[in-house]
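> Fold the stuff below for me.
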Amino acid sequence: MSTETRSEVRGEPSRSTVLPSSVEIPAIPESSGHAPSGTRRGRWWVWLVLLAGAGYGAYRWYPQITTSQATGKNGKSGAVAVGGRPVPVVVVAARKGDMPVYINGLGTVTALNTVTVRSRVDGELVNVAYQEGQYVKAGDLLAEIDPRPYQAQLELAQGQLARDQAQLGQTQANLVRDTAQHKYAQAESDRYTSLVEQGIVARDQGEQLKSTADSLAGTLTADQAAISSARAQILADQAAIDTVKLQLVYCRITSPLAGRIGLRLVDKGNIVHATDTGGLVVITQLQPIAVVFNIAEDSLRQVMPKFSAGLKFPVLAYDRDLRRKLADGTLLTIDNQVDPTTGTVKFKAVFENRDNTLFPNQFVNARLLFDTRHNAVIIPTAAMQRSPQSTYVYVVGKDHTVKMRNINTTLTEGDNAAVDSGLAPGEVVVVDGLDKLQDGTRVQVTAAGAQASE
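All right, here's what the predicted structure looks like:
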């Protein structure tokens, strides 16, 4: 081969420097001086042969070179360990502990008591004693209605009572007088009756005295009736006074319970009536407060026996994303029927809500602590991998190699899972770096706690 031909071959890429031995390159005759123009035009087929040979070499040998670079010393995939280096992973040891068993449901915060405060008398609203959003106690003053009309009615009723009491006294005096007169007339009648029978006095005179005594007896009956009527009138007067006094009490509107004031519905200076439907203000009780949540009817057979026996079930309220716990409470009651449209039962839990975290009509996730599984083998859910056939984890052995282990688990709570079988407490499982592992891979171990501290 000539010097010109070798320089052209060296100019090709490195992957095409190895040419197959089956390609023969014909010799080019050497000559001195200028080559004939026909000879230069005939060299194009030589370059065509060289290019064809280089292309065949690239097609034949390049896949083998890239495959050998991507394969380790043991002939395994380069994703396992490039150049035999261990794969870095984060591990956690399986532990034994108690695993809570929760029943979850979607719930709504509900106030135990909500009151719309209305006026019970008619009149002008002269004072609004609360601020919107204020927390009030039972008995705190909320508003006042002009009491002057009712004060005038009270004085009138008290005057009527005094008059009727004086009339009662007069009637009682008449009764005393008429009683004395009746006794005297009756004594005279009895005496003259005896004289008439003896023939000493005329019969007409005796009958006249008897008639006078009978008339005075009727007067006594009338006096007693007048006394009863006067006493009844006094009772009516006293009832009228009590009614007006009650209306005066109603002029001062107080809070019937402890809670939070809503927005003001009526302003000072308006005329309010007992028949108004809108009310003056709405008060909502926030402490304690309730959460009503729905549980599938299948859970009733687990909860009802224990609830009927008096067991207090703890209930946790979480936010909408089920990440932050809002409050702790207890199950208060269970509804008496299943909703046929949803197949769920309403559960009601009560919360102290001392920090006012829960608010009426707020959406929450309720978690009913139904049971606790003791001495369970617990691992992070991040360690679990699933295939169409089973659930498995990678267990790190003493030789720092991993082995795929099938496990059975039926309970998951948050970031932890309880393993029913397939794993023992203390065994180390991989929680991070799982995508680079297969059975028998050598790993470089880092504990989860150590990684977090870094």
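> Could you say which helix or strand holds Val443?
Val443 belongs to strand 443-447 when assigned by DSSP states H and E.
> Tell me where the model's unsure across the protein.
Counting by pLDDT under 70, the chain shows low-confidence ranges at 1-46, 55-84, 189-209, 449-454.
> Quick one: residues contacting the residue nearest the centre of the chain.
The centroid of the chain falls nearest to Val364 when counting by Cα atoms, centre = their mean (3.2 Å). Val364 makes contacts with Gly107, Thr108, Val109, Val291, Phe293, Ala317, Tyr318, Asp319, Arg320, Leu326, Leu358, as judged by Cβ atoms under 8 Å, 6 or more residues apart in numbering. Where C-beta positions appear, they are placed from N, C-alpha and C, glycine not excepted.
> Give me the buried entries from those residues.
Neighbour counting with 16 or more other Cβ atoms under 10 Å marks Gly107, Val109, Val291, Phe293, Ala317, Tyr318, Leu326, Leu358 as buried within the contacts of Val364.
> quick check, Leu423 in a helix?
No: assignment of Leu423 by DSSP: H, G, I helix; E, B strand; the rest coil gives coil, placing it outside any helix.
> How many residues are close by it?
Leu423 is flanked by 21 other residues according to other Cβ atoms under 10 Å.
> Equivalent analysis for Thr410, please.
With other Cβ under 10 Å as criterion, Thr410 counts 9.
> do Val431 as well
Val431, neighbours per other Cβ under 10 Å, totals 21.
> Assign the residue nearest to the centre of the chain to helix, strand or coil.
Val364 is classified as strand under three-state DSSP.
> Which residue, other than its chain neighbours, is closest to Gly97?
Nearest non-adjacent residue to Gly97, counting by Cβ to Cβ, 6 or more residues apart in numbering: Ile378, 5.3 Å away.
> and the one you found, what is it in contact with?
Ala94, Arg95, Lys96, Gly97, Met99, Asn416, Ala417, Ala418, Val419.
> Tell me the spacing between the third one and Asp415.
When distance is defined by Cβ to Cβ, to the nearest Å, Lys96 is 17 Å away from Asp415.
> Count the neighbours of the closest residue in space to Leu331 that isn't next to it in sequence for me.
Spatial nearest neighbour of Leu331, chain neighbours left out: Phe313 (4.1 Å); criterion: Cβ to Cβ, 6+ apart. Around Phe313 there are 19 other residues, counting by other Cβ under 10 Å.
> Ok, Arg95 next?
Neighbours of Arg95 (other Cβ under 10 Å): 12.
> these two touch, right, it and Ala424?
No: counting by Cβ atoms under 8 Å, Arg95 sits too far from Ala424 to count as a contact (10.8 Å).
> Name the residues contacting each of those two.
Val377.
> follow-up on the earlier one: buried among the contacts of Ile378? Make that a PyMOL selection.
Selecting the buried subset of these in PyMOL, with 16+ other Cβ under 10 Å as the burial test, is done by:
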select buried, resi 94+99+416+417+418+419
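> how close does the residue nearest to Gly97 get to Asp298?
Ile378 is 26 Å from Asp298, by Cβ to Cβ.
> helices and strands around the top helix by length along the chain, which ones?
Identified as the longest helix of the chain according to DSSP state H is helix 148-198. Identification of packing neighbours for helix 148-198 by 3 or more Cβ pairs under 8 Å, 6 or more residues apart in numbering; DSSP states H and E yields helix 203-250.
> Could you find which two of the contacts of Ile378 are furthest from each other?
Lys96 and Ala417 (13.6 Å; Cβ to Cβ).
> Helices of the protein, residue ranges please.
Counting by DSSP H, the helices of the chain are 3-10, 37-41, 44-70, 148-198, 203-250, 300-308, 448-453.
> Surely Val396 and Gln444 touch.
No: using Cβ under 8 Å, Val396 is not in contact with Gln444; the gap is 10.4 Å.
> so what's in contact with those two at the same time?
Common neighbours of Val396 and Gln444 (Cβ under 8 Å, 6+ apart) are Val89.
> the more surrounded of those two?
Val396 (19 against 11).
> hey, what's that one bridged with?
As for beta bridges, Val396 partners with Val402, Val428 under DSSP bridges.
> check contacts around it.
Per Cβ under 8 Å, 6+ apart, neighbours of Val396: Val89, Val91, Val402, Val428, Val429, Val430, Val443, Val445.
> Can you add distance to Asp339 and neighbour count and give the residues you listed back as TSV?
As requested, those are exported to TSV (distance: Cβ to Cβ, whole Å; neighbours: other Cβ atoms under 10 Å):
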residue	distance to Asp339	neighbour count
Val89	49	23
Val91	47	22
Val402	49	26
Val428	48	20
Val429	43	24
Val430	45	24
Val443	52	22
Val445	52	16
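> quick one: which of these is nearest to Lys306?
Nearest member of these to Lys306, counting by Cβ to Cβ, is Val429, at 34.6 Å.
> Tell me the spacing between the closest one and Thr446.
Distance from Val429 to Thr446, by Cβ to Cβ: 13 Å.
> can you list residues touching both of those two?
Common neighbours of Val429 and Thr446 (Cβ under 8 Å, 6+ apart) are Val91.
> Phi, psi for Val266 please.
phi -130, psi 140 (degrees, to the nearest 10).
> That one - nearest residue in space that isn't next to it in sequence?
In space, Val266 is closest to Leu280, 5.1 Å off (Cβ to Cβ, 6+ apart).
> and that neighbour, how many neighbours?
By other Cβ under 10 Å, the residues close to Leu280 number 21.
> just Ala232 next, same as before
With other Cβ under 10 Å as criterion, Ala232 counts 12.
> swap in Arg163?
With other Cβ under 10 Å as criterion, Arg163 counts 12.
> still on that earlier bit, contact partners for the residue nearest to Val266?
Listed by Cβ under 8 Å, 6+ apart, the contact partners of Leu280 are Val117, Arg118, Ser119, Leu125, Leu142, Ala143, Ile253, Arg264, Leu265, Val266, Val272.
> Distance check, the residue nearest to the second one when sequence neighbours are not counted against Gln287.
Going back to what we said before, that points to Arg118. Nearest residue to Arg118, sequence neighbours excluded (Cβ to Cβ, 6+ apart): Gly279, at 4.5 Å. Look at Gly279 and Gln287: by Cβ to Cβ, they are 22 Å apart.
> Now do the same contact list for Val244.
Counting by Cβ under 8 Å, 6+ apart, Val244 has contacts Tyr150, Gln153, Leu154, Ala157.
> what's the neighbour count on the third one?
So the one you mean is Leu154. Neighbours of Leu154 (other Cβ under 10 Å): 19.
> my guess is it contacts Leu248, does it?
Yes: the pair Leu154 / Leu248 is scored as a contact, 6.7 Å apart, by Cβ under 8 Å.
> Against Phe347, how distant is the residue nearest to Val266?
For Leu280, the distance to Phe347 - Cβ to Cβ - is 35 Å.
> Kind regards, and thank you for your time.
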